[in-house]
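# Sequence and predicted structure below; questions after.
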Amino acid sequence: MAAVPCDSLASSKLPHTTISVAELRAAGTPFQSRGVRPINGLPSFCRVAGVIAPSSDSEIKFEVWLPASEWNSKFHGVGNGGYAGSINFAGLADAVQHHYATASTDTGHEGGTTAGEWALNHPEKIVDFGYRGIHETAVVAKALIASFYGEAPKRSYFNSCSNGGRQALMEAQRYPEDFDGILAGAPANYWTRLLSTAGAGMKALLAEAESYIPASKLPAIQAAALEQCDAKDGVKDGVIENPMACKFDPSVLLCKGADSDACLTTHQLSAFKSLQSGLVDGKGKQLFPALSPGGEAENGGWGPWVVGEAREKSSMVAFGTQFFKNMVYNDPNWNYKTFDVDRDLKAADDKLAKVLNSTDPDLTAFSKRGGKLLMYHGWADAAIPAVNAIHYYDSVVSKMGAAKAAEFVKLYMVPGMQHCGGGAGPNYFGQLGTPNSDRSRNIDAALEAWVEQGIAPDSIIATKFKGNDPKNGVERTRPLCVWPMTAKYKGSGSTDDAANFSCSK
């Protein structure tokens, strides 16, 4: 299949790019990289690695993996979660195993997903993280694909979640020519407001010792939310189908006697209500939505993301403090206790909105070239408020017009799903790296059918495996509906069978 030997790619002359590795790897050879467990079961592929330096302070490391045979003539771009900082080898492996040529990047720095020290006084590295790293890697990858196979990819796709969802929307908005089909999961696309929400949340929950809510109280909070909202959709199954249809009142949790894990103290209830309000300015206007109720105590829920294993040990603290210390103020001593939404959000927006936010609703260029965009977000996401995805989708519909938007963008809200996966609801539907027993009904396959055959996707079947492990068998299936439709029980048959539900407003 290859038009040239793999090792010849080492001499490729590409703008501000240095190739350090160009090697043909034999099928079955485990792949090992520093800090990464060995990856087995790989086909033979040409591995190309290097560095892209579009600025004097850029060092965008990348990997491009090219199947040595059975290439499907498609390119698959792989994104990053959190603050990135490493190449997504698992994503590369998944793509090359499915016959895609694929590429990933660390977006210009090395570090953990919650580490932001690399950004301190490095504005060009923030640009690389914000949008340049993914784009430059896509350009280099396509050039290497054309050299290796003697032809350009017939179709190009991007599939990622969280910060990767932000990257996905950034590509559609800023570089519409890079990808034909884009799958954006749980997009952190309003980065400045998301991280300002973390600042406000830290202050509400942690500034006063009495306000902190320990993880041991999360089961009581979730139980109260489900008691008020679970049955609103006609099925009581431990999952809130549409949290927007129910206003959860946490006042029922106020301790009437001694403090215990079954209730919230006055200070804790006040802190919870602040979190429940989202990001609110000094005049009381909501600037960013709150997390939706119903999955607080699930694995991957509020425990790791919001309250942490102890005070100041949550992802909210890690992401929020790293953002303001190293990106906004260049001040390692910044303290969340001083957070002021009007002042600090303005500082974040003035400096970084144009670099980090992918909120532009004008997708005219992407639409005109035939691009298709699918979005999804788990309603029980404890990292990024699910309503944010709806707000962006609505902004596109408003800007482009409902009829035009329907031609190229669709949103799926996933009841009970946590951040990018997991949770109490059906949460396997073909996201990158997740299994599903019937791939023909997966969201990634639906995207490709839309791009390549013009078949617009309808509902998609999501699967809940017992213990969230496919080896344990299927527990429940449920249709994911094109927003604003939701799944409604038909009134007969098992509520664990998607066939007994229909999509309606």
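Happy to help now that I have it.
# quick one, helices of this protein?
89-97, 123-127, 133-149, 163-174, 191-206, 218-229, 266-276, 302, 315-323, 341-356, 364-368, 387-400, 402-406, 443-453 (DSSP state H).
# now those in JSON lines, with mean neighbour count and mean pLDDT?
(C-beta placed from N, C-alpha, C; glycine too.) What follows is the helices of the chain, written out as JSON lines (neighbours: other CB atoms under 10 Å; pLDDT from 0 to 100):
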{"stretch": "helix 89-97", "mean neighbour count": "21", "mean pLDDT": "94"}
{"stretch": "helix 123-127", "mean neighbour count": "19", "mean pLDDT": "98"}
{"stretch": "helix 133-149", "mean neighbour count": "23", "mean pLDDT": "98"}
{"stretch": "helix 163-174", "mean neighbour count": "26", "mean pLDDT": "98"}
{"stretch": "helix 191-206", "mean neighbour count": "24", "mean pLDDT": "98"}
{"stretch": "helix 218-229", "mean neighbour count": "19", "mean pLDDT": "98"}
{"stretch": "helix 266-276", "mean neighbour count": "17", "mean pLDDT": "98"}
{"stretch": "helix 302", "mean neighbour count": "26", "mean pLDDT": "98"}
{"stretch": "helix 315-323", "mean neighbour count": "23", "mean pLDDT": "98"}
{"stretch": "helix 341-356", "mean neighbour count": "17", "mean pLDDT": "98"}
{"stretch": "helix 364-368", "mean neighbour count": "16", "mean pLDDT": "98"}
{"stretch": "helix 387-400", "mean neighbour count": "19", "mean pLDDT": "98"}
{"stretch": "helix 402-406", "mean neighbour count": "13", "mean pLDDT": "97"}
{"stretch": "helix 443-453", "mean neighbour count": "19", "mean pLDDT": "95"}
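# pull the CA atoms of stretch 243-259 into CSV?
What follows is stretch 243-259 as a C-alpha-only set of coordinates in CSV (Å, rounded to 0.1, in the frame of the first residue of the first chain):
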residue,chain,number,x,y,z
PRO,A,243,-32.8,17.7,34.5
MET,A,244,-34.0,21.0,32.9
ALA,A,245,-37.6,19.7,33.4
CYS,A,246,-37.2,19.6,37.2
LYS,A,247,-36.0,22.3,39.7
PHE,A,248,-34.2,20.4,42.4
ASP,A,249,-34.7,22.1,45.8
PRO,A,250,-32.0,21.0,48.3
SER,A,251,-33.6,22.7,51.2
VAL,A,252,-35.1,19.4,52.3
LEU,A,253,-31.5,18.4,53.2
LEU,A,254,-31.2,21.0,56.0
CYS,A,255,-30.2,19.3,59.2
LYS,A,256,-33.1,19.5,61.7
GLY,A,257,-31.0,18.1,64.5
ALA,A,258,-27.3,17.0,64.9
ASP,A,259,-25.1,17.2,61.9
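# ok, and what's touching that stretch?
In this structure, residues lying in contact with stretch 243-259 by CB atoms under 8 Å, 6 or more residues apart in numbering are 220-221, 224-225, 228-229, 232-233, 240, 263-266, 269, 272-273, 276, 292-294, 379, 386-387, 390.
# try it again with 7 Å
Under the criterion CB atoms under 7 Å, 6 or more residues apart in numbering, residues 220-221, 224-225, 228-229, 232, 240, 263-266, 269, 272-273, 276, 292-294, 379 lie in contact with stretch 243-259.
# Buried residues, that stretch. List them.
Of the residues in stretch 243-259, those scored as buried under the neighbour-count criterion (16 or more other CB atoms under 10 Å) are P243, C246, F248, P250, L253.
# hmm, back to that, of the helices of the chain, which approaches F288 most closely?
Ranking these by their distance to F288 (criterion: CB to CB) puts helix 191-206 first, at 4.1 Å.
# for the closest one, the distance to its chain's centre please.
Relative to the centre of its chain, helix 191-206 is centred 18 Å away, using CA atoms, centre = their mean, to the nearest Å.
# orientation of that helix relative to helix 387-400 in degrees?
Note on geometry: by axes from the mean of the first three to the mean of the last three CA atoms, to 10 degrees, helix 191-206 and helix 387-400 are set 150 degrees apart in direction.
# Who are the packing partners of helix 191-206?
helix 266-276, strand 279-280, strand 286-288, helix 315-323, helix 341-356 (3 or more CB pairs under 7 Å, 6 or more residues apart in numbering; DSSP states H and E).
# Out of the ones you listed, the one nearest N40 is which?
helix 315-323 (30.1 Å).
# From K217, how far out is the residue of the chain positioned farthest from its centre?
No residue in the chain has its C-alpha farther from the mean C-alpha position than G257, which lies at 41.4 Å (CA atoms, centre = their mean). Distance, G257 to K217, by CB to CB, to the nearest Å: 15 Å.
# Likewise for A141?
Distance, A141 to K217, by CB to CB: 47 Å.
# dump the residue contacts of L205.
With contacts taken as CB under 7 Å, 6+ apart, L205 has the following neighbours: S211, Y212, I213, A271, L275.
# on that earlier part again, tell me the one of the buried residues of stretch 243-259 nearest N472?
P243 (27.6 Å).
# List the contacts of the residue nearest to the spatial centre of the chain.
Closest residue to the average C-alpha location of the chain: S162 at 1.9 Å, with CA atoms, centre = their mean. Neighbour list for S162: G81, A186, A188, A383, I384, H419, C420 [criterion: CB under 7 Å, 6+ apart].
# Next: P361.
Shown in contact with P361 (CB under 7 Å, 6+ apart): S395, V396, S398, K399.
# Closest to T197 out of the residues you listed?
Closest approach to T197 among the contacts of P361 (CB to CB): S395, at 18.1 Å.
# how close does the residue nearest to that closest one when sequence neighbours are not counted sit to K490?
With CB to CB, 6 or more residues apart in numbering as the measure, P361 is the residue that lies nearest to S395, at 3.9 Å, once sequence neighbours are left out. P361 sits 35 Å away from K490 when distances are taken as CB to CB.
# repeat for A310
Noted for A310: a distance of 46 Å to K490, by CB to CB.
# what's the answer for M327, then?
When CB to CB is the yardstick, M327 and K490 sit 50 Å from each other.
# And those two? Which one has more around it.
A direct count of neighbours by other CB atoms under 10 Å for M327 and K490 places M327 higher, at 25 against 11.
# what's the closest non-adjacent residue to that one?
Using CB to CB, 6+ apart and skipping residues adjacent in sequence, the residue nearest M327 is A119, 4.9 Å away.
# Tell me how many other residues crowd that neighbour.
Neighbours of A119 using other CB under 10 Å come to 23.
# Hmm, N326 and it touching each other?
Yes - counting by CB atoms under 7 Å, A119 does reach N326; the two are 4.4 Å apart.
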